[in-house]
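S.K.: Structure, please.
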Amino acid sequence: MSISHIEKLPVELLQPIFFASGYNVALLQASDRIGARLSSEYVYKSTCNYYLTGVLDGRTAQSAAQTFIFASRWMTWEFFKSWVVQVFACKGCLCGLTISEGCIDGQWPPNFEDATTMVFSRSHLPRLAFVKGRLPKKLLQGPWSTSKVQFLRFLLWITSMSVDWSDPEARQAAIDGRMQAMLERNLEAVELFNHNRKLGKVANLSTVRYAVIEAGCDRSIVYDTLFTANMWGTRGVSWESVELDKWCEDRIKEGDPKGQWLRIKLEELRGIGSQGQDRDIGFGSVAGSELAPTTGDYDGGSEDRLVVNKLEWNKVNIHRGWLVIRTHGHSSQLVTHDIIWPMIMRKSGPRMYSGPIRPRKLNCWQEDDSVTRQISLWLSPPASN
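M.R.: Residues are numbered from 1 along each chain as shown. This next block holds a predicted model:
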């Protein structure tokens with residue numbers, strides 16, 4: 001196959017052409033030869049600067065380019081960390097602003113080991129929160145190394161990236177990745193799948209059965225799976241399982257303390273389920289915290305120790321927000337109130353939290369001038385955590 005004229009150009013000309021094209025990643029994809037000739041750290045970091053630090057006019061094309069960037073072989077955890085430091089170190093925060101420019105709570109240096117320790121809010125978002133590409137399949141499946149877990153956790157916490165569920169390969173990678181994490185007994189990886197709906201459906205009884213019967217019943221993994229399945233489970237979920245009951249009986253007969261431990265956990269869940277017939281989907285009066293970590297626990301040594309991590313995912317905090325009342329033709333009034341904001345976001349009903357775009361409108365009679373005036377009501381989210 002003959003080589004095109006552009007493929008014959010020296011790197012000194014190819015680079016300016018690529019930059020002048022608006023960092024068109026199609027040029028990198030068009031030819032392996034061109035991709036190889038443009039394979040330098042300078043080109044890669046310049047491309048990241050262009051697509052990952054701002055919002056461009058063509059959002060669809062930008063998201064596609066972001067997906068390509070993170071799926072590329074050169075986009076490793078080490079490369080990404082070095083790029084983040086290079087871009088944001090001069091600002092002193094991942095929001096991309098200095099204090100004089102409006103940063104209200106500098107988060108620096110970044111905690112790359114556990115991104116969930118970095119606190120951001122609606123009024124103080126990281127610049128990378130606007131990255132909306134698709135999570136690469138290479139980060140959704142095992143083997144689960146420490147660097148892969150840290151990279152995926154960072155993207156889930158800081159960016160708006162998600163799995164492309166319309167892609168059968170990506171969907172299967174996410175499903176297999178969760179099971180592989182259980183087989184490898186990697187608690188941190190399992191926690192990412194259990195506590196993030198971006199990575200798939202909520203854990204259920206089938207997930208628990210797999211963790212116990214197929215993956216060897218690592219108690220930390222099984223407990224976290226039971227906890228999240230109960231916390232996010234749908235109304236009237238049943239925890240009855242012949243297979244799990246038999247597994248418990250067999251282990252108890254063999255003198256394995258895991259059998260009795262799991263039996264106690266299942267009995268707790270069955271008791272919670274019988275009390276919580278009126279609980280809401282995903283959030284309600286019966287919380288997952290009612291699954292007690294201490295009941296039935298035992299000293300199994302370093303190889304069989306129950307680890308329960310306090311995670312920031314889905315953590316419910318009480319925030320102060322505003323109820324905004326606007327009379328048409330008049331100025332708005334602010335009425336302060338305390339709300340549990342995640343509850344407002346999850347519960348069904350009037351979407352008053354959508355802000356002034358979709359307010360509740362009421363007609364009110366005003367006695368002083370005997371006219372009917374329309375008022376609009378909406379909830380304004382808290383300014384910060």
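
S.K.: Residue 177 and residue 92, how far apart?
M.R.: Residue 177 is 35 Å from residue 92, where distance means Cβ to Cβ, to the nearest Å. All C-beta atoms are positioned from the backbone trio N, CA, C, and that covers glycine.

S.K.: between these two, who's got more neighbours?
M.R.: Neighbour count, other Cβ atoms under 10 Å: between residue 177 and residue 92, residue 177 has more, with 25 against 16.

S.K.: which ones are touching that one?
M.R.: By Cβ atoms under 8 Å, 6 or more residues apart in numbering, residue 177 lies in contact with 140-142, 144, 189, 193, 199.

S.K.: Any idea which of these the model trusts least?
M.R.: The member of the contacts of residue 177 with the lowest pLDDT is residue 142, and it reads 90.

S.K.: From what I see, that one and residue 185 are in contact.
M.R.: No - using Cβ atoms under 8 Å, residue 142 is not in contact with residue 185; the gap is 11.4 Å.

S.K.: List the contacts of residue 161.
M.R.: Residue 161 neighbours (Cβ under 8 Å, 6+ apart): 66, 70, 131-135, 155, 198.

S.K.: If any of those are buried, give me the ChimeraX selection for them.
M.R.: Remark: buried members of the contacts of residue 161, expressed as a ChimeraX selection using 16 or more other Cβ atoms under 10 Å:
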select :66,70,131,132,133,134,135,155
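
S.K.: possible to save the contacts of residue 161 as JSON lines with distance to residue 169 and secondary structure?
M.R.: Shown next, in JSON lines, are the contacts of residue 161 (distance: Cβ to Cβ, whole Å; DSSP: H, G, I helix; E, B strand; the rest coil):
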{"residue": "66", "distance to residue 169": "18", "secondary structure": "helix"}
{"residue": "70", "distance to residue 169": "15", "secondary structure": "helix"}
{"residue": "131", "distance to residue 169": "21", "secondary structure": "coil"}
{"residue": "132", "distance to residue 169": "20", "secondary structure": "coil"}
{"residue": "133", "distance to residue 169": "16", "secondary structure": "coil"}
{"residue": "134", "distance to residue 169": "11", "secondary structure": "strand"}
{"residue": "135", "distance to residue 169": "12", "secondary structure": "coil"}
{"residue": "155", "distance to residue 169": "19", "secondary structure": "helix"}
{"residue": "198", "distance to residue 169": "17", "secondary structure": "helix"}
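
S.K.: Compile the contacts of residue 161 into CSV and extend it with columns for pLDDT and distance to residue 27.
M.R.: Shown next, in CSV, are the contacts of residue 161 (pLDDT from 0 to 100; distance: Cβ to Cβ, whole Å):
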residue, pLDDT, distance to residue 27
66, 97, 16
70, 98, 18
131, 95, 21
132, 94, 22
133, 94, 18
134, 97, 21
135, 97, 24
155, 97, 25
198, 92, 31
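
S.K.: which pair in the contacts of residue 161 spans the largest distance?
M.R.: 66 and 198 (15.2 Å; Cβ to Cβ).

S.K.: Going by neighbour count, which residues in stretch 211-219 are buried?
M.R.: Counting neighbours by 16+ other Cβ under 10 Å, one finds that the buried residues in stretch 211-219 are 211-212, 215, 217-219.

S.K.: nope, stretch 51-71 is what I was after
M.R.: The neighbour-count check on stretch 51-71 (16+ other Cβ under 10 Å) flags 51-52, 62-70 as buried.

S.K.: contacting residues for the most centrally placed residue in the chain?
M.R.: For the chain, the residue nearest the mean C-alpha position is residue 156 (3.9 Å; Cα atoms, centre = their mean). Applying Cβ under 8 Å, 6+ apart to residue 156 gives the contacts 192, 196, 198-199.

S.K.: can you rerun that using 6 Å?
M.R.: The neighbours of residue 156, taking Cβ atoms under 6 Å, 6 or more residues apart in numbering as the test, are residue 196.

S.K.: Could you verify that it is part of a strand?
M.R.: No - under DSSP: H, G, I helix; E, B strand; the rest coil, residue 156 sits outside any strand and is assigned helix.

S.K.: and it, how far is that from residue 128?
M.R.: Residue 156 sits at a distance of 12 Å from residue 128 (criterion: Cβ to Cβ).

S.K.: which residues are common contacts for those two?
M.R.: Overlap of the contact sets of residue 156 and residue 128 (by Cβ under 6 Å, 6+ apart) is empty.

S.K.: can you pull out the strands in this protein?
M.R.: Assigned by DSSP state E, the chain shows strands spanning 319-327, 332-339, 360-366, 371-380.

S.K.: Leaving aside the residues adjacent along the chain, what's closest to residue 22?
M.R.: Leaving aside its sequence neighbours, residue 22 sits nearest to residue 50 (Cβ to Cβ, 6 or more residues apart in numbering; 7.9 Å).

S.K.: where does the stretch 251-385 of the chain dip in pLDDT?
M.R.: Scanning the stretch 251-385 of the chain for pLDDT under 70 picks out 273-290, 314-385.

S.K.: ok, now with 90
M.R.: Where the stretch 251-385 of the chain drops to pLDDT under 90, the residues are 268-293, 300-303, 310-385.

S.K.: For the stretch 101-250 of the chain, give me the ranges with low pLDDT.
M.R.: Residue ranges of the stretch 101-250 of the chain with pLDDT under 90: 102-107, 119-124, 197, 201-202, 229-239.

S.K.: Many thanks, we can stop here.
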